[in-house]
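Colleague: task: produce atomic coordinates for the following.
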Amino acid sequence: MTSVAGSSPVASLEGRIRQDQVQLNDWTTCVSARTPKGQAAIQKLSGEISAAKAQIAQALQTQARAAQAPAAAAPARPGSLDVWA
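Modeller: Numbers count the residues shown, from 1 in each chain. So this is what the prediction gives:
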């Protein structure tokens, strides 16, 4: 995953994904992976990774929309008036 500069929520989610992925890899390769406890842990971690990826996608879309917002929406100077509107 790539992080957008200044996007600490995205970076935080990416860190969480990395940690969850390590735990998921541990569970899937251990002997307990086939036990009910192991299956539950694998399913839980997989769900958390998917949810975090969805949150990242939503955050990046929100950032993209904010970057595309027209700069003309805000007055150039406080108290100025757009006479052409």
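
Colleague: distance between the host helix or strand of residue 66 and the chain's centre?
Modeller: Remark: residue 66 resides in helix 36-68, with elements defined by DSSP states H and E. How far helix 36-68 lies from its chain's middle: 6 Å, per CA atoms, centre = their mean, to the nearest Å.

Colleague: for that helix, which helices and strands make contact with it?
Modeller: Other helices and strands packing on helix 36-68, by 3 or more CB pairs under 8 Å, 6 or more residues apart in numbering; DSSP states H and E, are helix 8-29. Bear in mind the C-beta positions are built from the backbone N, C-alpha and C, glycine included.

Colleague: sorry, back to before: in the helix holding residue 66, what's buried?
Modeller: Using 16 or more other CB atoms under 10 Å as the test for burial, helix 36-68 gives 41-42, 45, 48-49, 52, 55-56.

Colleague: which one of the residues you listed is nearest to residue 10?
Modeller: Closest to residue 10 out of the buried residues of helix 36-68 is residue 56 (5.5 Å), distances taken as CB to CB.

Colleague: and the residue nearest to that closest one when sequence neighbours are not counted, how many neighbours?
Modeller: In space, and not counting its chain neighbours, residue 56 is closest to residue 13: 5.1 Å by CB to CB, 6 or more residues apart in numbering. By the criterion of other CB atoms under 10 Å, residue 13 has 20 neighbours.

Colleague: kind regards, and thank you for your time.
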